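**Q** after the sequence you'll find the predicted model.
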Amino acid sequence: MNTTEMKTIGFADVEFKSSVLDNTRHLGCRVFHATTEDTIIQMCQAGLTLNTGDNVWQFVRESQPSESIYQVCCQDNRVAVHIPKGECPKGENVQSVALFHADKLTKVNQNDLAVALACFIELGFDPLDAMTLGLAWMTQQARAAGAGWPEDRTWFPTTHFSGDHVMGEEAEFSPIRKDLFTLYPVVDTVEWLALVLEQGVTTAQLRIKDPNDPELKSKIQQAIALGQQYGAQVFINDYWELAIEMGAFGVHLGQEDIEVADLTAIQAAGLRLGISTHGYFEIMRAFNLKPSYIALGHIFPTVTKDMPSQPQGVIRLGQYVALIKGAYPTVAIGGISGERLPKVKATGVDAIALVTAITRASSPKAATQSLLQAMTEKGAPHAALCE
Ligand SMILES: Cc1ncc(COP(=O)(O)OP(=O)(O)O)c(N)n1
Ligand SMILES: Cc1nc(C(=O)O)sc1CCOP(=O)(O)O
Ligand SMILES: [Mg+2]
């Protein structure tokens, strides 16, 4: 194909070249990358399509949701992505729409967006994360703000799913004490909680996964009392109604939890809110709620929980931390051991959450002590970022 325009998106060790328009001004391009399959963008009868090997994306004017392809609808500076049913993060039989608002652009050029999207998919990002990054990249370019990795949150789009809870303009969750936000054990019994608090832990979470536990209420009550006794920030996982009723310090909720919880009630009751995220789309979605902290997972493979997403690794963790820094406190979670802790800490993340590094240690008390000590040791910040 004779091309009239060549776009390049380059980051430190990867460079993508995209031939975008042929000489009859028809779109039809390949995104070249040395180590992965080519991604092909074509104009066909149905509109612009992007074939990434695993998925087909189609840029449409008006969307009639399809079960098998990602449909992208661009209007001014807003983008709607209809997610194929099988790929939907909310469940197999749900048709959901992810919405993006690139408010620093006046119009999203869909040819450029297709190229940027293809590049980030080639880099291994999940579809909605690739779209979030693609829009951040385009905004950064449009504002002549450099060719580095998108890290400045002012260039990022806002993201949400259709039907998401909308908080009042002024509403934000109560802050946590950052000086107490360091080692963050997540445990499933009151006994474990007492053990870590006795060792000097100042932030912890009670995570009981059986909602039918007959002693659930009493366990939550004991956890709250322990937090008060030790002057620690104790979060209750999932059970936000009980947490409000019993006056907990805070609750931790995941991406599905925030769809069913009464966030306004949690905020009005003065509880702190921590939110789980697993990539750019979810981080920007969490921003809408102005939470007390943002959790970033899972960094390494974990045996504690079945994860639908891939481990993020410390390089991405560093990029997420840079994006969030100054807006909300951050905590990393997933497969973090004493050995891995220095690399995680070097990303600049505020706190480190862990389960098995303590609960499966041969001496949990000694492990907690040594993890606490490692959190306070001064390391070279932003060093040791190789995985
Ligand atoms: C600190 C912290 N980070 C992440 C999670 C996970 O929350 P969620 O995604 O809702 O999953 P469950 O823990 O409820 O299985 C967490 N609990 N704490
Ligand atoms: C509860 C939980 N949430 C995660 C997330 O990524 O959201 S990872 C995780 C388990 C963390 O356990 P461990 O320290 O044993 O790997
Ligand atoms: Mg949860």
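**A** Now that the structure is in, tell me what you want to look at. Ligands and ions are numbered 1, 2, ... in the order given.
**Q** now do the helices in the stretch 201-350 of the chain.
**A** 216-230, 240-246, 257-260, 263-268, 280-287, 313-324, 341-345 (DSSP state H, counting those that start in this stretch).
**Q** show me this structure divided up by domain.
**A** Domain segmentation of the chain under automatic domain parsing yields 3-161, 178-376.
**Q** so which of the ones you listed gets nearest Met167?
**A** Proximity to Met167, assessed across those by C-beta to C-beta, is greatest for domain 178-376 (5.7 Å). To be clear about C-beta, it is placed using only N, CA and C from the backbone, and glycine gets the same treatment.
**Q** mind checking the end-to-end distance for the closest one?
**A** Using C-alpha to C-alpha, to the nearest Å, the end-to-end distance of domain 178-376 comes to 13 Å.
**Q** same question, stretch 339-348
**A** Terminal-residue distance, stretch 339-348 (C-alpha to C-alpha): 17 Å.
**Q** next, the buried residues of it.
**A** Buried residues in stretch 339-348, counted by 16 or more other C-beta atoms under 10 Å: 340-341, 343-347.
**Q** with stretch 239-255 instead?
**A** Applying 16+ other C-beta under 10 Å to stretch 239-255 flags 239-240, 242-244, 248-255 as buried.
**Q** close to ligand 2, is it?
**A** No - Stretch 239-255 lies out of reach of ligand 2 by C-beta under 6 Å from any ligand atom, never closer than 6.5 Å.
**Q** what residues does the protein have near ligand 1?
**A** Within the chain, the positions adjacent to ligand 1 are 186, 205, 207, 237-238, 252-254, 257, 274, 276, 295, 297, 305, 331, 333, 353 by C-beta under 6 Å from any ligand atom.
**Q** give me the buried subset of those.
**A** 186, 205, 207, 237-238, 252-254, 257, 274, 276, 295, 297, 331, 333, 353.
**Q** quick one: the helices in the stretch 51-200 of the chain?
**A** With DSSP H, counting those that start in this stretch as the criterion, the stretch 51-200 of the chain has helices at 110-122, 127-142, 190-198.
**Q** so what angle separates the directions of the longest one and helix 280-287?
**A** Using axes from the mean of the first three to the mean of the last three C-alpha atoms, to 10 degrees, the inter-axis angle of helix 127-142 relative to helix 280-287 is 80 degrees.
**Q** and helix 127-142, what does it pack against?
**A** For helix 127-142, the elements it packs on are strand 78-82, strand 97-101, helix 110-122, helix 280-287, judged by 3 or more C-beta pairs under 8 Å, 6 or more residues apart in numbering; DSSP states H and E.
**Q** how much does the first one deviate in direction from strand 97-101?
**A** Pointing back at strand 78-82 there. Going by the same axes, to 10 degrees, strand 78-82 makes 170 degrees with strand 97-101.
**Q** keep only those of the residues of the chain next to ligand 1 that are in strands.
**A** 186, 205, 237, 252-253, 274, 276, 295, 331, 333, 353 (DSSP state E).
**Q** can you redo the helices of the stretch 51-200 of the chain as a markdown table with mean pLDDT and distance to Gln373?
**A** Formatted as a markdown table, the helices of the stretch 51-200 of the chain follow (pLDDT from 0 to 100; distance: least, C-beta to C-beta, whole Å):
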| stretch | mean pLDDT | distance to Gln373 |
| --- | --- | --- |
| helix 110-122 | 88 | 39 |
| helix 127-142 | 95 | 35 |
| helix 190-198 | 98 | 14 |
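**Q** will you turn those helices into TSV that also has mean neighbour count and distance to ligand 2?
**A** Formatted as TSV, these follow (neighbours: other C-beta atoms under 10 Å; distance: least, C-beta to the nearest ligand atom, whole Å):
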stretch	mean neighbour count	distance to ligand 2
helix 110-122	24	21
helix 127-142	24	15
helix 190-198	19	13
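**Q** redo these as a markdown table? Include distance to ligand 3.
**A** What follows is those, written out as a markdown table (distance: least, C-beta to the ion, whole Å):
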| stretch | distance to ligand 3 |
| --- | --- |
| helix 110-122 | 28 |
| helix 127-142 | 19 |
| helix 190-198 | 17 |
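**Q** just the pLDDT at the residue in the stretch 251-387 of the chain positioned nearest to ligand 1, thanks.
**A** For the stretch 251-387 of the chain, the residue closest to ligand 1 is Gly254, as judged by C-beta to the nearest ligand atom, at 2.2 Å. Looking at Gly254, its pLDDT is 98.
**Q** list the residues that contact the residue of the stretch 151-300 of the chain found nearest ligand 2.
**A** Residue nearest to ligand 2 within the stretch 151-300 of the chain: Gly297 (2.1 Å; C-beta to the nearest ligand atom). Neighbour list for Gly297: 276-278, 307, 312, 332-334 [criterion: C-beta atoms under 8 Å, 6 or more residues apart in numbering].
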